[in-house]
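A.B. asks: coordinates for the following, if possible.
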Amino acid sequence: MRGFSSWFAVVVVSALLIAVPLGWWPKDPYGFIKWAMVGISAAAMAAVWLASAAARGDVSIRRNAVNVPLLLFIGWSSISLLISPHRYYVLRRLSEVLFLGLIYFVLVCTAGGKRRRAVLITASMIGLCAISVVGIAHYADFFPAASPWGSSLGRRVYATMLNPNYLAAYIISLFPLALSFFVFGRPGRIIPALLTVVMISASFCLLFTVSWGAWLGWLVAVVLLVTLAVKAPRRHPGLKKLVAILVVIALIAGAFFYMNRSTVAADYSGMKFRFLYWRACLAMIHERPFVGSGLNGFWPNVTGHLTRIIAADYRDGVPEVGPAETVYEGVYAHNEYLGIWLEMGIIGLLLFIWVMWGFFVQAVRNLKSGESAVETAVNVGAVCGMAAMLVQSLVSYPLRLPATTVSCALLMALVGSGSGSRTSTLRLSLPRPIRALIALAIIGCAVHVSLRLAGPLRGEVIYVEARRASFRGDWPVVAERCRAALKYPVAEPEFFDLMGDACEKLGDYPGAIRAFYRKLELKPYDVHVFLKLGKLYDRLGRGERAARCFEEAIELERHDSPDGRLYLADILLREGRVREALALLEEGLDRHGRNWMLRNSLGIVRAAGGERDCARKEFLAARESGGAVPKYNLMVLDKRGFSGKKSSAAGGFIGPRERDWIGERMDKGRSALRSGRYEDARAAFRAVLDAYPEYVPALSNLGIYYMKTQRMEEALDLWRRATALDPGHRLEIPR
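C.D. replies: Numbers count the residues shown, from 1 in each chain. Below you'll find the model as predicted:
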């Protein structure tokens with residue numbers, strides 16, 4: 001029974017080392033499906049091990065320098081359930097920490113034998129080589145799969161693990177094991193040619209990720225391993241071969257950098273965002289420095305802090321020169337140490353440092369007490385792999401990803417079960433029938449836990465189906481799939497965004513409002529949700545409630561998000577409060593710099609106030625970068641010929657509400673043209689022209705409809721009208 005539980009754990013972890021990195025699901029950026037795989041596997045292996053120990057009546061534990069600090073770290077993590085109001089985020093992160101702990105402790109207690117270690121390391125090398133080859137093939141465009149994220153050099157390797165930094169973290173965590181066995185392992189134990197393939201393919205794939213933090217981690221691991229090999233008391237024949245391989249890798253890297261020198265420099269734009277995240281982290285740490293804000297405390301709270309930081313940076317408005325920067329709201333702090341301090345306070349950070357210190361101390365003990373070359377190779381490779389991950393943790397979050405959590409648990413277990421550790425056995429003085437009942441109870445609990453963990457797995461699959469349907473615009477299917485997913489514990493914020501969008505598209509406005517408010521329960525500082533709610537309330541005629549939502553959006557607005565002001569000004573204008581609308585937009589213009597939508601709305605408000613010349617000036621300024629909308633408004637202004645008399649309304653102009661409506665109709669019409677549904681396209685463009693007869697893009701696209709239906713005279717007539725209204729308009733090319 002003891003042998004079965006040991007090999008079961010080894011086989012399960014070996015499968016995870018291959019399956020988790022290779023598993024790929026689109027629109028699963030946070031790895032729910034992979035985390036479910038890891039959780040079910042961790043629960044199963046822990047249950048089999050504990051049930052086996054209960055049936056035997058003894059539990060064997062390996063004592064080392066990691067066990068106690070890791071247990072304290074997990075225990076302190078659990079305190080987050082008491083101090084954080086966001087239980088959803090805490091439970092997610094606490095589960096991830098528990099998965100790492102379960103995998104580590106079971107492996108430490110069961111995987112100390114040479115054969116079991118060999119199987120684990122071989123599986124890790126298979127997983128590393130396979131994911132590297134897949135990454136290279138994705139970059140070479142051999143596979144049709146593509147990720148929703150990514151651009152420039154890393155556009156295709158995004159598809160390998162959804163984010164090139166995730167792929168890079170997995171590579172550098174296991175790559176040093178191959179190096180170490182190449183240098184310290186005995187000849188013939190592992191084929192050097194295969195190790196060479198692993199090292200070169202992994203390094204080549206790592207280049208395509210354009211992950212500077214991982215490149216630095218890789219370099220630190222190589223330098224550390226070579227230093228340890230040089231200072232080792234025995235000579236290692238593999239060291240010279242390693243130097244030759246590193247020269248080959250350096251030549252490949254040199255050629256890569258030369259061929260992509262401009263792209264590599266342009267791709268590294270993420271540091272400015274990281275600095276913003278770190279400043280937000282420090283602001284949150286300042287609020288609760290000792291006990292922290294709770295696990296995953298960065299995710300729901302970062303938006304509010306980023307808003308304040310950016311508002312302070314642009315206190316005097318956006319500079320007139322250059323475009324405004326759009327800020328992506330990261331899920332993680334992009335610095336593992338700041339993230340742990342934010343979540344668990346200085347106490348948690350010190351416990352994490354203790355865990356890592358214990359890991360390196362135990363590795364030194366193993367190296368001092370171990371005589372075999374395999375023991376040296378295992379410990380040196382594990383130390384260098386962990387060092388690489390800790391270096392990348394300065395700018396990323398490799399300890400929070402499903403694939404690297406498994407590899408991290410493996411490295412810790414390889415060191416924790418080394419020759420410097422000691423075995424202690426605890427006896428259970430209970431009758432055999434009672435021990436058998438305990439074993440059955442443990443298995444039953446594991447089945448229950450696995451079913452609970454499979455809930456999000458099943459729900460997430462349905463959510464992915466809904467997301468794919470949204471790409472096709474099939475909103476009835478989206479709504480049906482979202483309702484089906486609600487039967488399972490799927491609660492990530494983006495799910496309720498998608499559900500709200502589906503309800504809105506289908507005219508179920510109360511359902512959309514409920515979904516968006518559930519999103520705000522998880523992300524209380526989401527400016528986009530407040531905007532969506534404001535638009536819905538405005539559409540339902542609840543102007544006061546809509547105004548409050550837009551005011552909330554303005555409180556959270558940044559230099560790149562003026563929409564709250566536009567819609568609130570539109571409400572104020574319809575209520576006849578022209579001066580308030582004007583003041584709101586002028587303040588926004590001071591803050592947002594050159595923004596054609598603000599200029600366009602200012603023109604409408606000034607026209608409503610009878611200031612014809614000022615309105616014309618605003619429309620002209622907006623026309624420089626705003627496309628058809630301000631051009632149309634300028635034509636309306638010139639035709640009406642305001643002469644200083646105030647107008648009580650600004651009907652006929654295209655404001656923010658009208659722009660949204662036009663945009664929906666134009667998108668629908670263009671989509672219908674592309675798919676050959678010509679009558680649907682005609683209806684969409686005609687609806688726009690019925691409301692706004694001289695809207696040039698609608699005239700142009702309706703001309704394309706006539707051309708597609710073999711009526712060239714009508715098409716040419718519409719195109720002549722469009723060109724007469726706007727000589728600079730470029731006709732859309734039919735596809």
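A.B. asks: tell me the contacts of V355?
C.D. replies: Going by C-beta atoms under 8 Å, 6 or more residues apart in numbering, V355 touches 66, 69-70, 73. Using the backbone N, CA and C atoms, a C-beta is placed for each residue, glycine as well.
A.B. asks: let's see that with 10 Å instead.
C.D. replies: Applying C-beta atoms under 10 Å, 6 or more residues apart in numbering, we find V355 in contact with 65-74, 412.
A.B. asks: same question, V59
C.D. replies: V59 is in contact with 49-50, 52-53, 109, 424-428, counting by C-beta under 10 Å, 6+ apart.
A.B. asks: any idea which helix or strand comes after the strand or helix carrying it?
C.D. replies: Secondary structure from DSSP states H and E places V59 in strand 58-63. Under the assignment DSSP H and E, the closest C-terminal helix or strand after strand 58-63 is helix 67-78.
A.B. asks: against which helices or strands is that next one packed?
C.D. replies: On a contact count with 3 or more C-beta pairs under 10 Å, 6 or more residues apart in numbering; DSSP states H and E, helix 67-78 meets helix 87-110, helix 336-369, helix 402-416.
A.B. asks: so which bits of that helix are buried?
C.D. replies: 67, 69-70, 72-74, 76-77 (16 or more other C-beta atoms under 10 Å).
A.B. asks: same question, stretch 50-63
C.D. replies: Residues of stretch 50-63 classed as buried by neighbour count (16+ other C-beta under 10 Å): 50-56, 59, 61-62.
A.B. asks: same check, this time on stretch 208-222
C.D. replies: 208-218, 220-222.
A.B. asks: likewise stretch 333-350?
C.D. replies: Applying 16+ other C-beta under 10 Å to stretch 333-350 flags 333-336, 338-345, 347-350 as buried.
A.B. asks: where's the residue nearest to M161 when sequence neighbours are not counted, which helix or strand?
C.D. replies: Nearest non-adjacent residue to M161, counting by C-beta to C-beta, 6 or more residues apart in numbering: L167, 4.4 Å away. Assigned by DSSP H and E, L167 belongs to helix 164-184.
A.B. asks: can you give me the angle the strand holding V59 makes with helix 67-78?
C.D. replies: Counting by axes from the mean of the first three to the mean of the last three C-alpha atoms, to 10 degrees, strand 58-63 lies at 100 degrees to helix 67-78.
A.B. asks: quick one: mean pLDDT for strand 58-63?
C.D. replies: Here the mean pLDDT over strand 58-63 is 84, rounded to a whole number.
A.B. asks: and it, how far from the chain's centre?
C.D. replies: From the chain centre to the centre of strand 58-63 is a distance of 39 Å (C-alpha atoms, centre = their mean, to the nearest Å).
A.B. asks: likewise stretch 366-383?
C.D. replies: 37 Å.
A.B. asks: quick one on the thing from earlier: and the two most separated of the buried residues of stretch 208-222?
C.D. replies: Distance extremes for the buried residues of stretch 208-222: the farthest pair is F208 and V220 at 20.2 Å, using C-beta to C-beta.
A.B. asks: was I right about A607 contacting P630?
C.D. replies: No. The criterion here is C-beta atoms under 10 Å, and A607 misses it with P630 at 12.0 Å.
A.B. asks: joint contacts of those two?
C.D. replies: Joint contacts of A607 and P630 (C-beta under 10 Å, 6+ apart) are 618-619, 653.
A.B. asks: top of these by neighbour count?
C.D. replies: Within the shared contacts of A607 and P630, most neighbours by other C-beta atoms under 10 Å means F619, with 29 neighbours.
A.B. asks: is it true that that residue touches V605?
C.D. replies: No. Under the criterion of C-beta under 10 Å, F619 is not in contact with V605, lying 11.7 Å apart.
A.B. asks: between those two, which contacts overlap?
C.D. replies: In contact with both F619 and V605: F653, using C-beta under 10 Å, 6+ apart.
A.B. asks: look up phi and psi at L428.
C.D. replies: L428 adopts backbone torsions of phi -110, psi 100, taken as degrees, to the nearest 10.
A.B. asks: let me fix that, I meant to ask about H86.
C.D. replies: Reported as degrees, to the nearest 10, the phi and psi values for H86 are phi -90, psi 80.
A.B. asks: surely A691 touches W661?
C.D. replies: Yes. The criterion here is C-beta under 10 Å, and A691 meets it with W661 at 8.1 Å.
A.B. asks: hey, what's in contact with both of these two?
C.D. replies: What both A691 and W661 touch, as defined by C-beta under 10 Å, 6+ apart, is the set I654.
A.B. asks: can you name the element that comes right after the helix or strand hosting R548?
C.D. replies: Per DSSP H and E, R548 falls inside helix 543-556. Next along the chain after helix 543-556, taking DSSP H and E as the criterion, comes helix 563-574.
A.B. asks: report the next helix or strand after that next one in sequence order.
C.D. replies: Counting by DSSP H and E, the next helix or strand C-terminal to helix 563-574 is helix 578-592.
A.B. asks: and that following helix, which residues are buried?
C.D. replies: 578, 580-582, 584-585, 588-589, 591-592.
A.B. asks: check which helix or strand covers the closest residue to N301 other than its chain neighbours.
C.D. replies: Excluding the flanking residues, the one nearest N301 by C-beta to C-beta, 6+ apart is M284, at 6.2 Å. Element membership of M284 [criterion: DSSP H and E] is helix 271-287.
A.B. asks: gap between the longest helix seen in the chain and the chain center?
C.D. replies: The helix spanning the most residues in the chain, taking DSSP state H as the definition, is helix 432-472. Relative to its parent chain, helix 432-472 has a centroid offset of 24 Å by C-alpha atoms, centre = their mean.
A.B. asks: and for stretch 170-178?
C.D. replies: Using C-alpha atoms, centre = their mean, the offset of stretch 170-178 from its chain centre is 23 Å.
A.B. asks: please apply the same query to stretch 496-510.
C.D. replies: 23 Å.
A.B. asks: list the buried ones in it?
C.D. replies: Quick answer for stretch 496-510 (16+ other C-beta under 10 Å): 496-505.
A.B. asks: who's in contact with the nearest residue to S5 once chain neighbours are set aside?
C.D. replies: With sequence-adjacent residues excluded and distances taken as C-beta to C-beta, 6+ apart, S5 is closest to S52, at 3.8 Å. By C-beta under 10 Å, 6+ apart, the contact list for S52 reads 1-6, 8, 59, 110, 439, 442.
A.B. asks: which of those are buried, as a PyMOL select command?
C.D. replies: The buried subset of these, as determined by 16+ other C-beta under 10 Å, is captured in PyMOL by this line:
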select buried, resi 5+6+8+59+110+439+442
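A.B. asks: for L179, state which of the contacts of S52 is nearest.
C.D. replies: The nearest member of the contacts of S52 to L179, counting by C-beta to C-beta, is T110 at 26.5 Å.
A.B. asks: ok, that closest one touching V11?
C.D. replies: No. Between T110 and V11 there is no contact under C-beta under 10 Å: 11.0 Å.
A.B. asks: between these two, what contacts are shared?
C.D. replies: Contact with both T110 and V11 is made by residues 45, 116, according to C-beta under 10 Å, 6+ apart.
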